[in-house]
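Build me a model:
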Amino acid sequence: MDINDLVIDKRSVLVRHQFFRDASASALDRLAAHARLVAYPARARIFRKGDPGAGLLAVLSGLVRISVPSHDGREIVLNIVGANDIFGEVALLDGHPRTADATAVTRCQLLALDRRDFVTVLQEEPAFAIKLLELVSQRLRRTSEQVEDLTFSDLPTRLAKAILRLADLQGARGENGRVIATQKELGRTIGFSRESTNKCLRDWEEAGHVTLEKGACTIRNRAFLVHLVEAAARTCDNSESTAA
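Okay, the predicted model is just below:
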């Protein structure tokens, strides 16, 4: 295929991606000229904590797990990002090594942009700087929420929230939504062992709320999961009101 065709293909990909779609035509042309389309199979490591911060990655399809290894060999999941999201923004901004691991949960197609190419455009496109600030703020809010969950929320609440979020990321909203994730991955996401996570899921399966299969979970009673999350949020709000 001619290199110009490749550039046009990458430009159309950028236009469809939520983060880039409002960029000027000249910015899109420049980014497309340097962007690289890359693919990773499920469970492949995209980068490790401490690797050089080469640049930004945009998710075109699939799910990516952002995590950090603990001293005892466990993995703490910081975030799950899906299509139309980006990651690697911290190293992009400061040029320092990666602050976490990135692993393909499912087969992923990504668009990679080197820091030197993106920063040049960023300096000339204030809209990108604002979008990056918004993204970093969202990530900080999510991190604060995770710390709160790990401190105060019980296993069922964390698990319900994780399944609902994965369902949204995978487009599996509504009843009979199939969430692709192993029980080990769910346990890593909520900070509990696979055994504890499995017991809770089995209890839910017996009650008819979910159906389990290898590497996936189908939601049969979304209202039950939503109720768990909302009830925990109300309890937290009431506690804060009482403390105030």
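
Could you use CA atoms for every contact and neighbour count after this?
Fine.

Spell out for me which residue occupies the centre of the protein.
Against the mean C-alpha coordinate of the chain, by C-alpha atoms, centre = their mean, the closest residue is V81 at 1.7 Å.

Dig out what it forms beta bridges with.
V64 (DSSP bridges).

What's the separation between the residue lying closest to G191 once chain neighbours are set aside and H227?
Leaving aside its sequence neighbours, G191 sits nearest to I76 (C-alpha to C-alpha, 6 or more residues apart in numbering; 6.8 Å). Distance, I76 to H227, using C-alpha to C-alpha, to the nearest Å: 26 Å.

okay, those two: which has more neighbours?
More crowded of I76 and H227, by other C-alpha atoms under 10 Å: I76, with 19 against 13.

From the contact counts, what lies against the helix or strand that one falls within?
Assessed by DSSP states H and E, I76 sits inside strand 75-81. Applying 3 or more C-alpha pairs under 8 Å, 6 or more residues apart in numbering; DSSP states H and E, one finds that strand 75-81 contacts strand 64-69, helix 183-190.

Switch those over to a markdown table; also include distance to R165, mean pLDDT and mean neighbour count.
Formatted as a markdown table, those follow (distance: least, C-alpha to C-alpha, whole Å; pLDDT from 0 to 100; neighbours: other C-alpha atoms under 10 Å):
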| stretch | distance to R165 | mean pLDDT | mean neighbour count |
| --- | --- | --- | --- |
| strand 64-69 | 13 | 89 | 22 |
| helix 183-190 | 11 | 86 | 21 |
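
Which one, of the ones you listed, ends up nearest to F20?
Judged by C-alpha to C-alpha, the one of the helices and strands packed on strand 75-81 that comes nearest to F20 is strand 64-69, at 19.2 Å.

Using CSV, write out the CA atom coordinates for that closest one.
Output of strand 64-69 as CSV, limited to C-alpha atoms (Å, rounded to 0.1, in the frame of the first residue of the first chain):
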residue,chain,number,x,y,z
VAL,A,64,-5.9,-2.3,28.5
ARG,A,65,-5.1,-2.8,32.2
ILE,A,66,-3.0,-0.2,34.0
SER,A,67,-1.4,-1.6,37.1
VAL,A,68,1.5,-1.6,39.4
PRO,A,69,3.3,-4.6,41.0
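
Does that strand pack against any helices or strands, and if so which?
Checked by 3+ C-alpha pairs under 8 Å, 6+ apart, strand 64-69 has strand 75-81, strand 101-104 packed alongside it.

can we see that at 10 Å?
strand 45-47, strand 75-81, strand 86-87, strand 101-104, helix 183-190 (3 or more C-alpha pairs under 10 Å, 6 or more residues apart in numbering; DSSP states H and E).

State the distance from the residue nearest to G191 to P126.
Counting by C-alpha to C-alpha, the gap from I76 to P126 is 34 Å.

Over to A162?
Applying C-alpha to C-alpha, the value for A162 to P126 is 34 Å.

which of the two has more neighbours?
A162 (19 against 12).

pretty sure the more buried one belongs to a helix, no?
Yes: applying DSSP: H, G, I helix; E, B strand; the rest coil, one finds A162 inside a helix.

mean confidence score for the helix or strand hosting E230?
E230 belongs to helix 222-243 when assigned by DSSP H and E. Summarised as a single mean, pLDDT over helix 222-243 is 73.

Brilliant, that's me finished.
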